[in-house]
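[1] fold the following and give me the result.
(one chain, ligands or ions: 1)
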Amino acid sequence: MCGFVGLIGSDSVAHGLVLGLQSIQHRGQDAAGAATFDGRRWHLTKDLGMVSSVLTADRISSMTGNVGIAHVRYPTAGTTSSQQDAQPFQTRHPGILLAHNGNLTNIPEIVADLRTQGCHVLSGCDAEPLLLVFAEELQSIRPAGHTGADVVKAVAAVYRRVRGAYSVVAVLEVDGEPTLVAFRDPHGIRPGCFGRRADGAWMVASESVALDVLDFEKEGDLPPGELMLFRANREPIRTLIAPKVPRPCVFERIYFARPDSRMEEGRVNRSRWRMGRTLGIEWTAKGFEADVIVAVPDTSRPAAMAMGEELGIPHREGFIKNRYSGRTFIMPDQASRKAALRLKLNPIREMFEGKRVLLVDDSIVRGTTMARIVEMLRGMNPIAVHVAIFSPPVRNPCFYGIDMPSQKELVAAEFSAEDVEVALAERIGADSLTFLSIAGLKSVMGEQICAACFDGDYAVPITEDERKFIRGERR
Ligand code: SF4
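    A predicted model of the protein is given here:
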């Protein structure tokens, strides 16, 4: 999971890049970077750490230029601790700056292919081979002075050679002009959108909240399989190259994206609300009863509120989340693990004591956190703790850019579809457990989504060797 922004306008873009990037800091906290082009020099700075510690006023003050890109990294390929793996990446010949969000699935094949051309990668980040393929294709067309038609041909070759999920933003000279370039994989698995500002500037970003911050009006989502070239004060040049059935990631809507972001189907908050309402209908059909609905903060709040409205049960804030607790270390014993959870999430006793509680959360992956939450609530003497999850059981790993454990660690994968709710309720110590059904999820989101981590239907076929390679990279 990563996030990017790109800007082109009539004024310097460095500060705007930083502000836009801060609004999508949730997409990656391991590394940050920004790059600009002033028509003469390229400027690039990147490092491990959060946006505020990497892109300081000092470091960006010399980054001149009216076009640039920036990136936050949460690694799903490569290491977690190498400055070399931070994005953006650059090539000098031809001059390209590039960043992406996603996961390429055929990396070994791409890297071997590049090596036959005498081209070697330095990092473990898959943005680098993607950039090298793009650069090699442009170079094979002509060494310099690239035209828009050249970029179309090079991106068409990228679509042929690179498989997986990728939303890409880049800067290069096209027809002699600095140009902001964006394209998304043929299924549009990872998100990306673009917008315009009244002063003629254009922006692309992983999520629309970055556009909001800088006063850009969202004009649309980057279309799957389409290349877009942006210049200030002009309409973008669009070329449809390799569109396939759109399969945007449903997990972005459930968990990952900010609720105020707008994606293809609308506001993320609204999608979560609709999932909650559908879950409410499915939950009530089971004949359970509750006195109060409590969301596990923060992602599940809209779904919990919608369930409350659907079921006529009050929704209450039952937990106070500590926003400053940061990452907790792996605790050696049960007592310190309990303390670590209380530090992050403190329950308000009156909301639970003597009540039949319906706890709502976004997903269950390993099941350990939910088990600890239920255990903590038992200490508040509730009459019953029911758990409802506004997504189906996660049974399959993600190979398209969301960091998930291997199938062995996915707790739902241990049980059959028929047994999973009862068996897992017992495992986490709840009185009942209800997942949103896949049919319910699709009734909200439609059929044209990627839901492979739930139903195993991968949009881009992936071989056993590629799966092994990606699993190895994550370790
Ligand atoms: S497998 Fe799941 S997390 Fe990965 S892209 Fe598809 S829906 Fe998203």
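[2] helix, strand, or coil at the nearest residue to A306 once chain neighbours are set aside?
    The shortest distance from A306 to any non-neighbouring residue, by CB to CB, 6 or more residues apart in numbering, is to G276 (3.4 Å). Every C-beta, even on glycine, is put in place using the N, C-alpha and C of the backbone. Classification of G276 by DSSP: H, G, I helix; E, B strand; the rest coil places it in helix.
[3] G276 touches V360, doesn't it?
    Yes. In this structure, G276 is within contact of V360 by CB atoms under 8 Å, at 7.1 Å.
[4] intersection of neighbour lists for those two?
    Shared between the contact lists of G276 and V360 (criterion: CB atoms under 8 Å, 6 or more residues apart in numbering) are residues S300, A303, A304, M307, F390.
[5] hmm, back to that, who's in contact with the residue nearest to A306?
    S300, P302, A303, A304, M305, A306, M307, E310, V360, F390.
[6] let's see the pLDDT reported for it.
    pLDDT recorded at G276 is 98.
[7] in a helix, that's where S10 is, yeah?
    No. Read with three-state DSSP, S10 is coil and lies in no helix.
[8] not counting sequence-adjacent ones, nearest residue to it?
    Going by CB to CB, 6+ apart, S10 has A232 as its nearest residue, at 5.3 Å.
[9] number of residues surrounding the one you found?
    Residues contacting A232 under the criterion other CB atoms under 10 Å number 19.
[10] backbone dihedrals for it, please?
    phi -60, psi 140 (degrees, to the nearest 10).
[11] host element of the residue in the stretch 251-400 of the chain positioned nearest to the ligand?
    Residue of the stretch 251-400 of the chain nearest the ligand, by CB to the nearest ligand atom: C398 (3.1 Å). Using DSSP states H and E, C398 maps to neither a helix nor a strand.
[12] quick one: pLDDT of it?
    94.
[13] helices of the stretch 151-300 of the chain, residue ranges please.
    209-213, 250-251, 268-284 (DSSP state H, counting those that start in this stretch).
[14] can I get the ones you listed in JSON lines with distance to the ligand?
    Output for the helices of the stretch 151-300 of the chain, formatted as JSON lines (distance: least, CB to the nearest ligand atom, whole Å):
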{"stretch": "helix 209-213", "distance to the ligand": "19"}
{"stretch": "helix 250-251", "distance to the ligand": "4"}
{"stretch": "helix 268-284", "distance to the ligand": "13"}
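[15] ranking those helices by burial, who's on top?
    Most buried of those by mean neighbour count (mean count of other CB atoms under 10 Å) is helix 250-251; its value is a mean of 24.
[16] now that one: mean pLDDT?
    98.
[17] same check on stretch 126-142?
    For stretch 126-142, mean pLDDT is 97.
[18] hmm, which two among the contacts of G276 are most spread apart?
    Farthest-apart pair in the contacts of G276 is S300 and E310; separation 14.6 Å (CB to CB).
[19] please save the CA atoms from the host helix or strand of H15 in CSV.
    If you go by DSSP H and E, H15 is part of helix 14-23. Taking Å, rounded to 0.1, in the frame of the first residue of the first chain, the C-alpha atoms of helix 14-23 are listed here in CSV:
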residue,chain,number,x,y,z
ALA,A,14,7.0,21.6,-4.1
HIS,A,15,4.9,22.9,-1.2
GLY,A,16,1.7,21.7,-2.8
LEU,A,17,3.2,18.2,-3.2
VAL,A,18,4.0,18.0,0.5
LEU,A,19,0.6,19.2,1.6
GLY,A,20,-1.1,16.7,-0.8
LEU,A,21,1.1,13.9,0.4
GLN,A,22,0.4,14.6,4.1
SER,A,23,-3.3,14.1,3.4
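[20] buried ones in it?
    By neighbour count with 16 or more other CB atoms under 10 Å, helix 14-23 contains the buried residues A14, H15, G16, L17, V18, G20, L21, Q22, S23.
[21] surely the first one touches A34?
    Yes. Using CB under 8 Å, A14 is in contact with A34, at 6.7 Å.
[22] tell me which parts of the stretch 351-475 of the chain are close to the ligand?
    C398, Y400, I402, C450, A451, A452, C453 (CB under 6 Å from any ligand atom).
[23] quick revisit: adding distance to F194, write the helices of the stretch 151-300 of the chain out as TSV.
    Listed next are those as TSV, based on distance: least, CB to CB, whole Å:
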stretch	distance to F194
helix 209-213	8
helix 250-251	22
helix 268-284	18
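[24] among the ones you listed, which is nearest E421?
    Closest approach to E421 among those is made by helix 268-284 (11.0 Å; CB to CB).
[25] before we move on, back to that, keep only those of the contacts of G276 that are in strands.
    V360 (DSSP state E).
[26] out of the contacts of G276, which sit inside helices?
    Using DSSP state H, the members of the contacts of G276 that fall in helices are P302, A303, A304, M305, A306, M307, E310.
[27] so what does the lowest-mean-pLDDT helix or strand in the chain touch, helix or strand wise?
    When each helix and strand of the chain is scored by mean pLDDT, DSSP states H and E, helix 334-344 comes last, with a mean of 79. Counting contacts by 3 or more CB pairs under 8 Å, 6 or more residues apart in numbering; DSSP states H and E, helix 334-344 is packed against helix 368-378.
[28] show me what the helix it packs on is packed up against.
    Using 3+ CB pairs under 8 Å, 6+ apart: helix 368-378 touches helix 334-344, strand 345-347, strand 356-361, strand 384-389, helix 420-428.
[29] the same query, at a cut-off of 6 Å, please.
    Using 3 or more CB pairs under 6 Å, 6 or more residues apart in numbering; DSSP states H and E, the elements in contact with helix 368-378 are helix 420-428.
[30] of all the residues in the helix it packs on, which ones are buried?
    Neighbour-count burial for helix 420-428 [16+ other CB under 10 Å]: V420, E421, L424, A425, R427, I428.
[31] rewinding a little: pretty sure the residue of the stretch 251-400 of the chain closest to the ligand is touching M404, no?
    Yes. Using CB atoms under 6 Å as the test, C398 is close enough to M404 to be in contact (4.7 Å).
[32] who has more neighbours out of those two?
    The neighbour count for C398 versus M404, taken as other CB under 10 Å, is higher for C398 (22 against 19).
[33] ok, now which ones touch the more buried one?
    When contacts are counted by CB atoms under 6 Å, 6 or more residues apart in numbering, C398 is found next to M404, C453.
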